[in-house]
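Asker: let me see the structure of the following:
(chains A, B, C and D)
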Amino acid sequence: MKKKVWLAICIFIIANFMSGCWSRRELNEVAIVLGAGIDAIDNDRIRLTVQVAIPMAFASGQESMGGKKQAASMEVSSDGATIEEAERYLAMKIPREIYWGHCVALIIGENMAKKGVRTITDFFERDREPRETMWVMVAKGTAEDFLKTGSILEKTSSQAVGLLTRMKTGYAVKLFEFVEMLAEEGIQPAAAGVRVVEVNEASDESQQAETGGRRVEMAGTALFKEDRMVGWLDADETRGLMWLKGQNLKGIITVPAPDEPDKMVSIRVKRNAREIKAESVDSIPTFKVKIRVEGDMIEQQSMGDLSEPEKIKKINDSMAAEIRKRAQSALRKAQDDYGVDVFGFGQAYHRRFKNEWKDIKHNWDDKFKQAKVEIQVEANVREMGLLTKRPGTNK
Amino acid sequence: MKEEEKLSSVQVFFLALNFFLASAFILMPSAVAATAGRDGWAAILIAAGAGILLSKLYAALCIRFSGRTIILFAQDIAGEIPGKIMGLLFAWFALHLGALVLRNFGDFMVISLMPCTPLIVFNSVIMLIAAMAVYRGLEVLCRFNLMLMPVILVSMAVIIIFCFTIPNFDAAKLLPLFENGFSRVLKTSLIPMTFPFGEGVLFLMIFPNMSNSGDAKKIMAGAIIASAMIIASITAETVAVFGSNAKNFVYSTHSMIRCIELAEIFERTDTLTIVIWILSGLIKISVCLYAFVKGCTQLFALKDYRPIVIPSGIIMTALSILVYENVIEQTEFASKIWPFYSLVFELLLPLMLITLDSVKKVF
Amino acid sequence: MRGSDIKKNHDKLPQNRLKTGVAYMESLEGKLLDENIEKNIKCLKTIFEKCSDIIFREFVFAQNEQIKLALIYTDGLADKGQVSDQIMRALALEVPMAVPGRVITKAQALEFIKERGLCIHQIKETNKVGEVVNAILSGDTVLLVDGHDTAIINGARGWEARAITDPEAEPTVRGPRESFVESLRVNTSLLRRKIKNPNLKIESFQVGRLSTTDVAIAYLEGVANPAIIKEVKTRIERIKIDAILETGYIEELIEDEPWSPFPTVNHTEKPDRVAAMLLEGRIAIFVDGTPFVLTVPSLMVEFLHASEDYYERFIFTSAVRIVRYLAAFASLVLPSLYIAIVSYHHELLPTALLLSVAAQREKVPYPAFFEVFLMELVFEVLREAGIRLPRPIGQAISIVGALVLGDSAVRAGFVAEATIIVVAFTGISSFTFHYSASISFRLLRFFLMILSGTLGIFGLTIGISAICIHLCGLRSFGVPYLSPVVPTAYSDLKDVVIRAPWWAMVANPRSIPGHNKKRESFGMKPMPPENGE
Amino acid sequence: MIVLLLMIFATVILIEVPGMLKKNMRRELIAFFVLIALGMALSIPQALGVKIPSPTKPIEALFRPLSKLLK
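Answerer: Next up, the predicted model:
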């Protein structure tokens, strides 16, 4: 009996070989895409730019052997009506199969963002290869230009920008979060902004040549209405946005010292949270936002001993005021200038008043413009670092 | 080899648990989200209650006719010819269900794992293994299942726990509750009631092999409760992660796992979870195949079921390719037709038998 | 009828012998000794024609010189000291001293010799030629007495045996250092010294129509399951084969599933391991001429355990066992997983690692499947060569071979560095557990590699489930092979992946059906003295 | 494709039939061949590219009216 089973297994394996190995794709037959950029060009067509890794540049221990350092990536662009079409044209330019599985960042050119992004995010969600966890960013200027900029520390701009976003210094959003905001009622999408800047920081000339004297960096946040970009928040307002969205952020809040207002004290944010309470006052949506921040004091310019409860309380207060100011500025811009609810106030309203929501959900953004938002900040300094007060004589 | 294989209650419990979990774990979140929106989890819990009632019915049948399968006692109750027709219908149900599950898994593989490989390859390979398990006997199938169970349960637990770490996770997205009315949730609960829980009717073919068939009710109820908890929590989590976007996914559980990125180690693990689901699905398909084969054996009074395992497997595979032309037909059938079609076998047939028998007993 | 024919004309024997050896041995059945010693000697000499190692020593009885005696034994098998001192010296010289003056007639001779003449512990009488021949070949010394058709078989065996040495195949750091040798008696004595109990039964068989090899089964009565003992006996008695040269012969002839790649009969060369097995209710099969002893029924988990596991402290043992299980798993699936990742599922690797693997693979011309398959073959060749090479150069050559081959293969661009790492690690992992199980793992590794080369991780999964299903259906002498894992015996699980401390393993494993349920008393957990006195 | 399919059927018959013949299991043989024929009827047209009506269709037609209940 067993013998026959083995026979069957053999036949099965042979049959397998006969039919070939369908989905096989050797590692040296693929072009690993690290970043994708999409720009709008004329006639409703889009330009897809991919940053493809050149594996040899990533070989370990090869660099030290001297010789010219190889470029780590190449950027290829192609046009098409849809992304998939553009990808097919790309395939004519790249001798390998395009592999999306390790794409770190999806860079949307400003033009494209303004035209509407719903048409392009679909491909990255629908296809099984691109990961939903890639970062979505809007580039000031073109995405193509952005991708072609090198990085000194990291090998490619995609990796550089991926790491930058992971540092949580600015507002960062992953594709699935972005798409969720697109799909959800009562919230409008926002995405990280990035840009290319000219710098002269590279010390050595070869590095200078490599990066073309340019560098990528985070630059605020792009706000969307539905799927069209409507405007930017700058870096400071982005922080306000993050406070209001309750996003984890790493950053410093600098406030005047309680005893010497011209000297500053810096507090590093450890954790933050927010809570939105929706209310309806005279059928005008009203929101109470409570932001809780905890931080450590890490730098003090003033001379005084801050390890006193009253002084810490003062610092707490000025910290809260600072955060509130930031949040207000972001709110003003979103609410008044652009009229988009990127914070999810609508969701909070929806959760509280599910019946009323049905009437206003279609013109929520207009309604949001009239909404009253009350921001309450509770800031708390927890640790003082390794010093109780700054060394030096207090005259 | 012994002809009569006796199964312990624990073995049957885990077999039932895996049977309920297998395809529901991947398909259910999107299936209920499509009609019930963010209240899908409630629909599943309600369905579990209904499922327990159904399993009580099955257990009652099992205890009343202990030692005999539905194929045999249908003939006792309804007479030979009508009973045989019922048996044939039942066997068809097992075959059809097996083909549908096989198709589901094949499609899932093609979509999420290897898009270029033809569907028939996955289907026939999975069927080969399922046939191998059935050929070796029910006891081996149960043991195999018992071997897989820790792996499957641990991975499900890991998935459920790690989903909390997705940055987007927010339980508040489950609110507001019952936005579209509770009746909608109730209606939706028909889907999970018939799709994993009612399918337990196939266990009427397995109960007679239990060493202690009095446990049948407890086992089925336990398995339904446990699986409902798991499926409901994963359904709730997909909503907590994707919000209202959850209904747009074909396999939202899978999509959610793709989003887990924990400490740069536990990320991109969706491929590995697919592997675990194959194993889980394998058991479900094997149970269906076993029910069909055993049913045929008893219908035609054969001495041994082994010779017809492989032909039945071939039929099931061919059927699985045949049933749908495309994925759209599948979702259409699964969400609109299946709840009513399967009720015929899951509720009507057993109910009819038990009433007939009760009536007979009275007169 | 054949026997009686032969008895009449001895001349025909050679022709008969030419037929087949087996038929010849069978032809001796029923043939009896003659009263005339000359005839007997002639008969035996014909049988042992051209056997230069069979010694015929004819002499006369000291008491009565009319009585002719003959000693027949195999040179090298019989203890020459005993033969010359205890038999020949006694009969040819010393008997008159013991009973001076008494005259023994021919008729009394046999009885007298038996009672007074021989200083041998164990004697046996027979009148069958077949038995005589057998005895001579087994190392016994046969004494023929003129006028009697009965021969005395003296158990004066003694031959050169290898000294008891360290176990070669199962070395341990802690635990007994002795291992079995090629002699059956020495082996059983080693076992007897471990278990000094009359319930340790050692039953003997003779298997092999040409070789008539001594085979013994050992078990603990009252512990081992009688049904299994009976099954083992019937399976051994069923064997009709020309020769048994090693336990491997028996293993293949009594297995439950001969086509399975997994060993369902365990073997060991360590007496302590055999003793442990017997104490848990298993049965050991000894074969003369090999230091390896079979134990049945055997479970999958046995092959992943080492005897040392029970001697070293349990915390350490448990940790080591987990490592061993992981290594066993790695030795089965690692290459196929690597193939699946490199050829199908690139997304499973982190970006940085993927890029560095991609860089390595850039220069490699072959698909990953072919590359790994080839390197695995190379590794197997190296391993095989390492065993077969004469010992002094073996190790050096295999190390040099591995290093030089591996390094140059990478430099020449035949294989990627990652492949070498995977293959080497897999190879090393496969040596962490029982050798015969690792053979099957190695074999199945290639099967899995083919599957994952054709269907990626799906193929790998399917392959593993096929193996699991096969294992679930496997039985060893009626005991499910995978127990205690499935079917689950919960109390036995404390000796599977981890090992519970000895004071917690109160019960004998229930997966081996036996009688002795409890192997120690409760409350054996050591405790510090109370009141701190 | 069709060759492969026929090969598979041939193998299955080779594996199963001798055993049944040896044990003289007539009913099993009949059932086996009926099922094999069914399997062939379902699979060979598919391999040849002939469309067979799906069993799902009549079921759908039968239960379509009920499905409105779920709306």
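Asker: from here on, just use CA atoms for contacts and neighbour counts.
Answerer: OK.
Asker: can you give me the offset of the strand or helix carrying residue B:125 from its chain's centre?
Answerer: Assigned by DSSP states H and E, residue B:125 belongs to helix B:119-135. Mean-position distance between helix B:119-135 and its chain equals 17 Å (CA atoms, centre = their mean, to the nearest Å).
Asker: mind listing residues that contact it?
Answerer: Outside helix B:119-135, the residues that touch it by CA atoms under 8 Å, 6 or more residues apart in numbering or on different chains are B:102-103, B:105-107, B:109-110, B:140-141, B:282-283, B:285-287, B:289-290, B:306, B:309-310, B:313-314, B:317, B:320-321, C:462, C:465-466, C:469.
Asker: just those residues that are near chain D?
Answerer: Contacts with chain D within the contacts of helix B:119-135, counted by CA under 8 Å from any CA of the partner chain: B:310, B:314.
Asker: which of the contacts of helix B:119-135 fall in helices?
Answerer: Mapping the contacts of helix B:119-135 onto helices (DSSP state H) picks out B:102-103, B:105-107, B:109-110, B:140-141, B:282-283, B:285-287, B:289-290, B:309-310, B:313-314, B:317, B:320-321, C:462, C:465-466, C:469.
Asker: now these: which count as buried?
Answerer: With burial judged by 16 or more other CA atoms under 10 Å in any protein chain shown, the buried subset of the ones in helices among the contacts of helix B:119-135 is B:102-103, B:105-107, B:109-110, B:140-141, B:282-283, B:285-287, B:289-290, B:309-310, B:313-314, B:317, B:320-321, C:462, C:465-466, C:469.
Asker: show me the contacts for residue A:376.
Answerer: With CA under 8 Å, 6+ apart, residue A:376 has these contacts: A:288, A:289, A:290, A:291, A:324.
Asker: for chain D, what spans make up the helices?
Answerer: Assigned by DSSP H, the helices in chain D fall at D:2-23, D:26-48, D:56-67.
Asker: can you list the buried residues in the helix holding residue B:125?
Answerer: B:119-120, B:122-135.
Asker: could you do stretch B:75-86 as well?
Answerer: Of the residues in stretch B:75-86, those buried (16+ other CA under 10 Å) are B:75, B:76, B:77, B:78, B:83, B:84, B:85, B:86.
Asker: could you dump those residues to TSV with pLDDT and secondary structure?
Answerer: Listed next are the buried residues of stretch B:75-86 as TSV, based on pLDDT from 0 to 100; DSSP: H, G, I helix; E, B strand; the rest coil:
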residue	pLDDT	secondary structure
B:75	83	helix
B:76	83	helix
B:77	83	helix
B:78	81	helix
B:83	87	helix
B:84	88	helix
B:85	89	helix
B:86	88	helix
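Asker: in a markdown table: those residues, plus distance to chain C.
Answerer: Converted to a markdown table, those look like this (distance: CA to the nearest CA, whole Å):
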| residue | distance to chain C |
| --- | --- |
| B:75 | 33 |
| B:76 | 34 |
| B:77 | 36 |
| B:78 | 38 |
| B:83 | 34 |
| B:84 | 33 |
| B:85 | 34 |
| B:86 | 33 |
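Asker: re the thing from before, quick one: which of the contacts of residue A:376 sit in strands?
Answerer: Secondary structure assignment by DSSP state E places A:288, A:289, A:290, A:291 of the contacts of residue A:376 in strands.
Asker: chain C versus the last one, what's the distance?
Answerer: This means residue A:291. For residue A:291, the distance to chain C (CA to the nearest CA, to the nearest Å) stands at 36 Å.
Asker: next up, the contacts around the nearest residue to residue A:81 once chain neighbours are set aside.
Answerer: Ranked by CA to CA, 6 or more residues apart in numbering or on different chains and with sequence neighbours excluded, the top spatial neighbour of residue A:81 is residue A:45, at 4.7 Å. Taking CA under 8 Å, 6+ apart, we find residue A:45 in contact with A:79, A:80, A:81, A:82.
Asker: let's see 10 Å
Answerer: Residues near residue A:45 by CA atoms under 10 Å, 6 or more residues apart in numbering or on different chains: A:39, A:79, A:80, A:81, A:82, A:83, A:86, A:112.
Asker: tell me the pLDDT at residue C:223?
Answerer: Looking at residue C:223, its pLDDT reads 88.
Asker: deepest-packed of the helices of chain D, please.
Answerer: Highest mean neighbour count among the helices of chain D (mean count of other CA atoms under 10 Å in any protein chain shown): helix D:26-48, with a mean of 17.
Asker: quick check: end-to-end length of stretch C:122-131?
Answerer: End-to-end span of stretch C:122-131 (CA to CA, to the nearest Å): 16 Å.
Asker: go on, stretch B:335-349?
Answerer: Across stretch B:335-349, the terminal residues are separated by 21 Å (CA to CA).
Asker: low-confidence regions, chain D specifically.
Answerer: Residue ranges of chain D with pLDDT under 70: D:70-71.
Asker: and the residue in it that chain A sits nearest to, how far is that from chain C?
Answerer: Nearest to chain A in chain D, going by CA to the nearest CA, is residue D:15, at a distance of 6.0 Å. Applying CA to the nearest CA, the value for residue D:15 to chain C is 16 Å.
Asker: next one: residue A:49
Answerer: Counting by CA to the nearest CA, the gap from residue A:49 to chain C is 20 Å.
Asker: still on that earlier bit, mind putting the ones in strands among the contacts of residue A:376 in a markdown table, neighbour count and pLDDT included?
Answerer: Formatted as a markdown table, the ones in strands among the contacts of residue A:376 follow (neighbours: other CA atoms under 10 Å in any protein chain shown; pLDDT from 0 to 100):
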| residue | neighbour count | pLDDT |
| --- | --- | --- |
| A:288 | 16 | 86 |
| A:289 | 19 | 85 |
| A:290 | 19 | 87 |
| A:291 | 23 | 85 |
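Asker: for chain B, give me its nearest residue in chain D.
Answerer: As assessed by CA to the nearest CA, chain B sits closest to residue D:39 within chain D, at 4.5 Å.
Asker: burial check on the residue lying closest to that residue once chain neighbours are set aside, number of neighbours?
Answerer: In space, residue D:39 comes closest to residue B:315 once its chain neighbours are excluded; the distance is 4.5 Å by CA to CA, 6+ apart. The tally of other residues near residue B:315 (other CA atoms under 10 Å in any protein chain shown) stands at 21.
Asker: my guess is residue B:315 contacts residue D:41. True?
Answerer: Yes. Assessed by CA atoms under 10 Å, residue B:315 is found in contact with residue D:41 at 9.0 Å.
Asker: between those two, what contacts are shared?
Answerer: What both residue B:315 and residue D:41 touch, as defined by CA under 10 Å, 6+ apart, is the set residue D:35.
Asker: now do the SS call for residue A:327.
Answerer: Following DSSP: H, G, I helix; E, B strand; the rest coil, residue A:327 is assigned to helix.
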